[in-house]
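Enquirer: Got a predicted structure here, sequence first:
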Amino acid sequence: MANPIFYFSSCLFLSIVIILVKFFHKVWWTPIRIQSSMKSQGIKGPSYRFLHGNTKEIINMISKIRSSPKEVLHHTFPIIQPHIYSWIKLYGMNFLQWYGPQPQLIITEPELIKEILNNKDRAYPKAKAPNYVKQLLGDGLVTSEGEKWLKMRKLANHAFHGGSLKNMIPAMIASSEIILQRWRHYESKEIDVFREFKVLTSEIISRTAFGSSYLEGQHIFDMLTRMAHIISGNNYRIRIPGIGKFFKTSDDIESENLEATIRSSFMNMMKKREQEAMLGNIDGYGHDFFGLLLEAYHDSDKTKKISVDDLIDECKTFYVGGQETTSSLLTWSVLLLAIHTDWQDKARNEVLELFGQQNPDEYGN
């Protein structure tokens, strides 16, 4: 009769060997094979480093370039993406880099970018979002695909068609007038326009899409901004798969707490809007973006109905996507107009020609 201890030890040893073989096949053999195959096709790039890929190089390059003040007005690319800037010069417009053992094909040729974005044959699916991004955006319009994406896209289109946008103009004007009035007290003083535009866009989004004031939604914006900062800080940190189930970093714990609080805030907004609808204070659930989401949540038609998770994910996506992109665009526009005063004069004259000394209204007058 075989010794049970020997049998157990043999099975354990064999299991460990199998695990190690699979591990090294994934983090060493497969990356080396892919790198060699891509190189034979003319696609070069920085060498793969065991386990972490090129992430340490990227972190070091970013830290180095941002450790000292730079002239950013005309040379932003080398500061924002120093690794891509450097590797384009070394390896060409298209190259292979490594996010841990995961290969990333970087495409910078305009024609190839156009082909990928068109994606007529659906050959380029969206990449699976990391956990941090999932906590920030959930499975909303940005990360979803297929029928779910189509359903959520229809809702967004309905909320922001031409007629709806025209109805938002008075609220946009009111928010803009408030911030301009505040700026008049800063005459001959510096203004942090990025911070000011974040306040402005937050106010407009809260009013037009969620029917609330900036003060009511400020805590949501603050929490989402904090989550975005956590994502940025962990973007190039490689972690062993599955370790998060047993060991959580301070960022993991903070992100989970933020996610729970954000969810609770949106649930409170839902309850408040539902109560207003029951009391007849509003038409249906309202005609803004939040109201249309609530209407879809309560829809009896299963093909149109969305879950509470879908609703919350769309709210988070719109809060983050709408505010960050718009505030950044406004800031860069003002910066460039300040640098190129001739275009500033042209823009001002065009506005005066179209609207004179009065604000536009919902009819475009």
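Expert: Yes, it's here.
Enquirer: hey, let's count contacts and neighbours off CA atoms from now on
Expert: Noted.
Enquirer: after the worst-scoring helix or strand of the chain on mean pLDDT comes which helix or strand?
Expert: In the chain, the helix or strand scored least confidently by mean pLDDT, DSSP states H and E is helix 131-137, which has a mean of 74. Downstream of helix 131-137, the first helix or strand assigned by DSSP states H and E is helix 146-159.
Enquirer: how far is that following helix from where the chain is centred?
Expert: Between the mean C-alpha point of helix 146-159 and the mean C-alpha point of its chain there is a distance of 18 Å (Cα atoms, centre = their mean, to the nearest Å).
Enquirer: Check stretch 262-271 too.
Expert: With Cα atoms, centre = their mean as the basis, the distance from the averaged C-alpha position of stretch 262-271 to the chain average is 21 Å.
Enquirer: And stretch 100-117, by the same measure?
Expert: Relative to its chain's centre, stretch 100-117 lies at 19 Å (Cα atoms, centre = their mean).
Enquirer: Kindly report the same for stretch 191-207.
Expert: That offset, for stretch 191-207, works out to 18 Å (Cα atoms, centre = their mean).
Enquirer: Buried residues, that stretch. List them.
Expert: Buried residues in stretch 191-207, counted by 16 or more other Cα atoms under 10 Å: 193-194, 197-207.
Enquirer: cool, stretch 93-111 as well?
Expert: Within stretch 93-111, the residues that qualify as buried are 93-101, 103, 106-107, counting by 16+ other Cα under 10 Å.
Enquirer: of all those, which comes closest to His340?
Expert: Top of the list for closeness to His340, among those and by Cα to Cα, is Met93 at 30.3 Å.
Enquirer: Grab the nearest non-local neighbour of that closest one.
Expert: Using Cα to Cα, 6 or more residues apart in numbering and skipping residues adjacent in sequence, the residue nearest Met93 is Thr108, 5.4 Å away.
Enquirer: re the thing from before, as TSV, the buried residues of stretch 93-111 with secondary structure, pLDDT and distance to Asn118 would be great.
Expert: Output for those, formatted as TSV (DSSP: H, G, I helix; E, B strand; the rest coil; pLDDT from 0 to 100; distance: Cα to Cα, whole Å):
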residue	secondary structure	pLDDT	distance to Asn118
Met93	coil	94	20
Asn94	strand	95	18
Phe95	strand	96	21
Leu96	strand	96	22
Gln97	strand	96	24
Trp98	strand	94	25
Tyr99	strand	90	25
Gly100	coil	89	28
Pro101	coil	91	28
Pro103	strand	93	22
Ile106	strand	94	17
Ile107	strand	94	14
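Enquirer: Just the closest of those to Phe266, please.
Expert: For the buried residues of stretch 93-111, the minimum distance to Phe266 (Cα to Cα) is 34.0 Å, reached by Tyr99.
Enquirer: returning to that earlier point: any chance of the buried residues of stretch 191-207 in CSV, with distance to Ile80 and secondary structure too?
Expert: Conversion of these to CSV gives the following (distance: Cα to Cα, whole Å; DSSP: H, G, I helix; E, B strand; the rest coil):
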residue, distance to Ile80, secondary structure
Val193, 20, helix
Phe194, 17, helix
Phe197, 21, helix
Lys198, 20, helix
Val199, 24, helix
Leu200, 25, helix
Thr201, 23, helix
Ser202, 25, helix
Glu203, 28, helix
Ile204, 28, helix
Ile205, 27, helix
Ser206, 30, helix
Arg207, 32, helix
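Enquirer: how far away is Asn119 from Ala296?
Expert: Between Asn119 and Ala296 the distance is 29 Å, computed by Cα to Cα, to the nearest Å.
Enquirer: okay, the two: which has more neighbours?
Expert: More crowded of Asn119 and Ala296, by other Cα atoms under 10 Å: Ala296, with 22 against 12.
Enquirer: tell me the contacts of that one?
Expert: Neighbouring residues of Ala296 by Cα atoms under 8 Å, 6 or more residues apart in numbering: 304-306.
Enquirer: which residues touch stretch 197-207?
Expert: If you take Cα under 8 Å, 6+ apart as the criterion, stretch 197-207 is touched by 171-172, 175-176, 179, 212-214, 217-218, 221, 319, 322-324, 326-327, 330-331.
Enquirer: Low-confidence stretches in this structure?
Expert: With pLDDT under 70 as the threshold, the chain has low-confidence stretches at 1-3, 6, 69-74, 130-132, 212-216, 238-246, 360-365.
Enquirer: Could I get the full set of strands for it?
Expert: Along the chain, counting by DSSP state E, strands occupy 94-99, 102-107.
Enquirer: With that, I have no additional questions.
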